[in-house]
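Asks: Kindly generate the corresponding structure for this input.
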Amino acid sequence: MRTVLRPHSGQRRWAARKNRRTAIVPLVRGDHESHDFRMERTPAPGLTDPALLSSPLRKLVAERVLSSEETSVAHHSLRTYLFATKLAEHRGLRRDVDYDDDALFFATVLHDLGLSDEGDARPDRFEIAGADLAVEFLREHGVQPETTDIVWDAIALHTVPGIAQRKGIVCELTFAGSALDFGQDSDFMSDEEAVVINDAFPRLDVTSVMPAVVVGQVERNRAKAPHLSAADIFYRSVHGLELDFITRWGAS
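Replies: Residues are numbered from 1 along each chain as shown. Modelled structure (predicted):
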């Protein structure tokens with residue numbers, strides 16, 4: 001039995017726009033290149049927005065993901081923040097009144113740090129590896145535990161529907177912002193609003209690149225995909241769904 005992941009209608013909505021790679025620039029990543037996608041870096045107009053990178057630490061956070069993740073994945077993370085703030089605005093939530101905007105920025109932009117080489121080297125599933133790496137980075141730069149605890153939860157739970165929504169507004173917005181980038185629950189947004197976000201951080205075939213990165217990690221370490229985790233679903237979409245796990249004790 002083989003299962004194939006089909007794109008959500010919203011995926012087609014955002015992903016239908018033509019990917020634009022406006023320049024080919026070497027991306028320095030260390031002594032080796034572990035993925036075929038790490039061949040070029042596309043300028044992101046959104047990085048010139050002073051409201052987005054409004055503090056030295058925010059700039060460091062953006063640099064962290066752009067220098068350690070596939071550009072496509074890093075752009076997804078940056079878009080996640082923009083989609084999350086659109087959802088917050090739609091719900092009438094006030095920045096730095098109803099939610100901590102810095103915590104939301106840190107959580108959304110760092111949420112896929114587990115898909116970096118550093119995350120790959122850790123034994124945990126990518127969400128946990130990413131949460132740990134993000135908190136370590138933020139603590140190195142003086143962010144206090146009351147913020148890093150929120151960030152850890154938001155990143156660790158960003159693929160866990162039903163739980164993220166019960167762990168506070170930053171967790172909920174991080175989960176929702178990531179999903180919105182793939183068109184889920186996006187009816188409240190116009191295509192024109194999405195165009196602005198996608199132009200700020202080009203999509204760069206994210207719906208192909210991200211699953212390939214996740215599956216690559218699992219192929220190197222099957223323990224990074226616990227049963228029915230997001231990584232496990234990606235892995236099984238490529239290698240087929242084995243149902244032997246339900247037969248050990250028998251059906252009756």
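Asks: can I get the CA coordinates of stretch 119-126 in PDB?
Replies: Extracted as PDB, the C-alpha positions of stretch 119-126 are listed here (Å, rounded to 0.1, in the frame of the first residue of the first chain):
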ATOM      1  CA  GLY A 119      19.300  20.100  13.400                       C
ATOM      2  CA  ASP A 120      20.100  17.200  11.200                       C
ATOM      3  CA  ALA A 121      23.100  16.300  13.500                       C
ATOM      4  CA  ARG A 122      20.800  16.100  16.500                       C
ATOM      5  CA  PRO A 123      18.900  12.900  17.300                       C
ATOM      6  CA  ASP A 124      15.500  14.400  17.900                       C
ATOM      7  CA  ARG A 125      12.700  15.000  15.500                       C
ATOM      8  CA  PHE A 126      13.200  18.300  13.600                       C
END
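Asks: Tell me where the model's unsure across this structure.
Replies: Applying pLDDT under 70 to the chain picks out residues 1-42, 241-252.
Asks: Which residue ranges of it form helices?
Replies: All helices of the chain, identified by DSSP state H, fall at 9-15, 56-68, 71-90, 101-109, 117-121, 126-140, 145-156, 169-180, 191-200, 206-220, 230-239.
Asks: okay, these in JSON lines with distance to residue 49 next?
Replies: Backbone N, C-alpha and C define where each C-beta goes, glycine included. JSON lines is the format used below for those (distance: least, C-beta to C-beta, whole Å):
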{"stretch": "helix 9-15", "distance to residue 49": "20"}
{"stretch": "helix 56-68", "distance to residue 49": "11"}
{"stretch": "helix 71-90", "distance to residue 49": "9"}
{"stretch": "helix 101-109", "distance to residue 49": "12"}
{"stretch": "helix 117-121", "distance to residue 49": "27"}
{"stretch": "helix 126-140", "distance to residue 49": "22"}
{"stretch": "helix 145-156", "distance to residue 49": "22"}
{"stretch": "helix 169-180", "distance to residue 49": "17"}
{"stretch": "helix 191-200", "distance to residue 49": "7"}
{"stretch": "helix 206-220", "distance to residue 49": "20"}
{"stretch": "helix 230-239", "distance to residue 49": "30"}
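Asks: Now tabulate the ones you listed in a markdown table and tack on distance to residue 162 and mean neighbour count.
Replies: Compiled in a markdown table, the helices of the chain are given as follows (distance: least, C-beta to C-beta, whole Å; neighbours: other C-beta atoms under 10 Å):
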| stretch | distance to residue 162 | mean neighbour count |
| --- | --- | --- |
| helix 9-15 | 19 | 17 |
| helix 56-68 | 27 | 18 |
| helix 71-90 | 17 | 23 |
| helix 101-109 | 18 | 26 |
| helix 117-121 | 24 | 17 |
| helix 126-140 | 15 | 21 |
| helix 145-156 | 14 | 20 |
| helix 169-180 | 10 | 25 |
| helix 191-200 | 25 | 15 |
| helix 206-220 | 21 | 19 |
| helix 230-239 | 14 | 18 |
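Asks: closest one to residue 47 among the ones you listed?
Replies: Across those, residue 47 has its closest neighbour in helix 56-68 (6.6 Å, C-beta to C-beta).
Asks: circling back: quick one: closest of the helices of the chain to residue 50.
Replies: Of all those, helix 56-68 sits nearest to residue 50, with 10.2 Å by C-beta to C-beta.
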